[in-house]
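Enquirer: here's a sequence, model it:
(one chain, ligands or ions: 1)
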Amino acid sequence: MADTLAMGDHGSAGHGPKDKSKRDFLVMLPVAGAVIGAGAIAWPLIDSMNPSGDVLALASTEVDLTPIAEGSGITVVWRGKPIFVRYRTPKEIKEAEDVKLSQLIEPQPDSARVKPGHAQWIVLIGICTHLGCIPLGNKPTDPRGEWGGWYCPCHGSQYDTSGRVRHGPAPLNLWIPPYQFLNNSRIKIG
Ligand code: FES
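Expert: Numbering: from 1, shown residues only. Reported below is the predicted structural model:
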């Protein structure tokens, strides 16, 4: 990358197809960053820019939960994927627990989606199960949809505070990554 930048700085690079593709990549980076900031991009585009699979296969991610305010969530990266970690309010937990399973597109009780004794924390792979966009909803100011969880702006799918799909076209709930609590304020994903 350093070589690529140096060539661009001095304007002495050639003009063949290879050089054009390098310039295109440099232009693409800030554009991709802007779209990620908007929170609505198909994940495969970002995923294609990640390290190789053999490096990622070994990776696990530890997350300190203490900075996360009640009612908010953060996004961390694990094996190249966005992971939502959200601190649910008592109201959000109750809403998630009280739903009749018959109302769900993919019926699953909230208790099966959180760790025993840690119902205030929901940990999800933040990739919409429709076509792979990253839903919005971690920040309280984000659009969260009618069920208060996450909203995918790509085609309007909505998820509840358990990450279960409540309105399509997404066909499935948000997936849950393997994770464990190391203590009450720290989790290890992977
Ligand atoms: S990718 Fe989320 S609704 Fe289509």
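Enquirer: can you give me the neighbour number for the closest residue to Arg88 other than its chain neighbours?
Expert: Once flanking residues are discounted, Arg88 sits nearest to Gln120: 5.2 Å by C-beta to C-beta, 6 or more residues apart in numbering. Where C-beta positions appear, they are placed from N, C-alpha and C, glycine not excepted. When neighbours are defined as other C-beta atoms under 10 Å, Gln120 has 15 of them.
Enquirer: what about Gln120, distance to the ligand?
Expert: 26 Å (C-beta to the nearest ligand atom, to the nearest Å).
Enquirer: give the contact list for the closest residue to Ile122 other than its chain neighbours.
Expert: Distance criterion C-beta to C-beta, 6+ apart; nearest residue to Ile122, sequence neighbours excluded, is Arg86 at 5.1 Å. Counting by C-beta atoms under 8 Å, 6 or more residues apart in numbering, Arg86 touches 68, 72-74, 121-124, 138, 161.
Enquirer: you'd agree Arg86 is in a helix?
Expert: No. Read with DSSP: H, G, I helix; E, B strand; the rest coil, Arg86 is strand and lies in no helix.
Enquirer: model confidence score at it, please.
Expert: We have a pLDDT of 98 for Arg86.
Enquirer: what residues are up against His155?
Expert: For His155, the contacting residues are 130-131, 169, by C-beta under 8 Å, 6+ apart.
Enquirer: give me that answer again for 7 Å
Expert: Neighbouring residues of His155 by C-beta atoms under 7 Å, 6 or more residues apart in numbering: 130, 169.
Enquirer: measure it to Pro171 for me?
Expert: Shown here: His155 relative to Pro171, a distance of 12 Å by C-beta to C-beta, to the nearest Å.
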